[in-house]
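J.: with the input below, show me the fold.
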Amino acid sequence: AFDMLDMDRSQIMAVTMPCFGTTDRTYHNACELVRRLGATFEEVDIKEAVTLHFSDIGQDPANHDVTYENGQARERTQVLMDIANRLGGMVIGTGDMSELALGWATYNGDHMSMYGVNASVPKTLVRHLVRYCADTADSQTLKETLLDILDTPVSPELIPPEDGQISQKTEDLVGPYELHDFFLYHILRFGRHPAKVYRLALKAFEGVYDAATILRWLKTFYRRFFAQQFKRSCLPDGPKVGSVAVSPRGDLRMPSDACVTLWMQELDEIVE
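T.: The predicted model follows:
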């Protein structure tokens, strides 16, 4: 957008906020990416602020529960919002449609921004776009950085690493994004029933995932999709990029207390 408007990229403020789960790999890739793209770099180490917050609310830092994770995510969002106020700018959301569909975002943490540019871009397309940027990069260092980012496991990095490696891998917890994006497309674009989505997935991913794996993650998708609507009901504005979106102001009108029972009953009747 800055290039199209002939604006100096240095007006883009890129902020990295290392905390308990940050690995050297992701930290150095973030720093290198900012340098190569010509944005302005700012680092705010939030470990002390989060530790003080844990003390204020009586959270044991050794207890790596949802409070431990979300406290970090919300601190990051507070920092970004206040920096935006200081600069007279706006926070650009990084969450994509796959994360919003599964609710894989901290409510009023990375769930919130002033404009969500990726709100209707699924995770698989995000990866495709990053690879395209790598393939067309005018810098070998930028290309190598982007390719290493693609090779890094998807993670919010909210749990301390193990031996310097990412210990919290998103797809181990919620399932493969290529499956979830397939489910999302057929459910939202065509309104297909669970059994139909399952049969289509068996065909599309034959030789990649077995029937039990597909059914397991399809059940996970429906459970999370219904349970996490409250996050989508108050999304910030964002563009509609593809043929489907999850914005409450457009494609998806869904009450936050919608019940998944009928959909799960249909899935429970499937014989693998």
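J.: Thr16 contacts Glu43, correct?
T.: Yes. Judged on Cβ atoms under 8 Å, Thr16 makes contact with Glu43 at a distance of 5.2 Å. Yep, even glycine has a C-beta here, placed from its N, CA and C like the rest.
J.: looking at those two, which one has more neighbours?
T.: Thr16 (17 against 13; other Cβ atoms under 10 Å).
J.: so which strand or helix has Phe2?
T.: Under the criterion DSSP states H and E, no helix or strand holds Phe2.
J.: and it, how many neighbours does it have?
T.: Neighbour tally, Phe2, other Cβ under 10 Å: 14.
J.: now do the residue nearest to it when sequence neighbours are not counted: how many residues are near it, please.
T.: Once flanking residues are discounted, Phe2 sits nearest to Arg9: 5.3 Å by Cβ to Cβ, 6 or more residues apart in numbering. Using other Cβ under 10 Å, Arg9 is surrounded by 13 other residues.
J.: from Glu162, how far out is Arg9?
T.: Counting by Cβ to Cβ, to the nearest Å, the separation of Arg9 from Glu162 is 36 Å.
J.: ok, now Ala227?
T.: 29 Å.
J.: okay, those two: which has more neighbours?
T.: Between Ala227 and Glu162, counting by other Cβ under 10 Å, Ala227 is the more crowded of the two (14 against 10).
J.: count the residues that sit near the residue nearest to that one when sequence neighbours are not counted.
T.: In space, and not counting its chain neighbours, Ala227 is closest to Gly103: 6.6 Å by Cβ to Cβ, 6+ apart. For Gly103, the number of neighbouring residues by other Cβ under 10 Å comes to 20.
J.: give me the contact list for stretch 58-76.
T.: 17, 19-21, 46, 49-51, 53-54, 57, 105-110, 156, 158-160 (Cβ atoms under 8 Å, 6 or more residues apart in numbering).
J.: which SS state does Val15 fall under?
T.: strand (DSSP: H, G, I helix; E, B strand; the rest coil).
J.: if it is in a bridge, with which residues?
T.: Beta-bridge partners recorded for Val15 (DSSP bridges): Glu42.
J.: which ones are touching it?
T.: Glu42, Glu43, Val44, Val79, Leu80, Ile83.
J.: go through these and say which is closest to Val174.
T.: Leu80 (24.2 Å; Cβ to Cβ).
J.: list phi and psi for that closest one.
T.: Per-residue torsions, Leu80: phi -60, psi -40 (degrees, to the nearest 10).
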